[in-house]
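Colleague: structure for this input, please:
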Amino acid sequence: MRRPRLPDPAALARFYQALLGGEINRPDRWTLDADWMTLHPPGGPVLAFQRAADHRPPRWPDPDHPQQLHLDLGVPDLDAAERDALAAGARLLDPGPPGRGWRVYADPAGHPFCLVRQASA
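Modeller: Prediction:
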């Protein structure tokens, strides 16, 4: 019998910290342990990562293995952000055609997210 993959909340928190910055497990209203981690990005919402014993990684864009969340992260330089995301452990899922302003990636637990080029002000 194949053992299910359990996403590591600490690894996911560190992955998103590498992309967004912020503080992991800031003492506040959250109960924190090895199964529940938080990331407090600067000026943004708190992200929480919980271990799921029966975790089935999404297979984007397959609806039989649906997304459990999807973040669109605005970035000023898509190529630089891609290098950072890949170095942090992301996988490129859809580079899109040349010149498209967004690309799709998977985080280490398989959740898809997009890096989206921000419009110049």
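
Colleague: looking at this, residue 62 is in a strand?
Modeller: No - remark: residue 62 does not belong to a strand; assigned using DSSP: H, G, I helix; E, B strand; the rest coil, it is coil.

Colleague: who touches residue 81 in this structure?
Modeller: 19, 73, 75, 115 (CB atoms under 8 Å, 6 or more residues apart in numbering). Yep, even glycine has a C-beta here, placed from its N, CA and C like the rest.

Colleague: in helices, which of those residues appear?
Modeller: Residues of the contacts of residue 81 located in helices (DSSP state H): residue 19.

Colleague: ranking by neighbours, what's the top pick from the contacts of residue 81?
Modeller: residue 115 (25 neighbours; other CB atoms under 10 Å).

Colleague: that one touches residue 107, doesn't it?
Modeller: No - contact between residue 115 and residue 107 fails when scored by CB atoms under 8 Å: they sit 11.9 Å apart.

Colleague: tell me how many other residues crowd the closest residue in space to residue 25 that isn't next to it in sequence.
Modeller: Excluding its sequence neighbours, the residue lying closest to residue 25 (CB to CB, 6 or more residues apart in numbering) is residue 32, at 4.9 Å. The local packing of residue 32 (other CB under 10 Å) involves 15 other residues.

Colleague: fine by me, thanks again.
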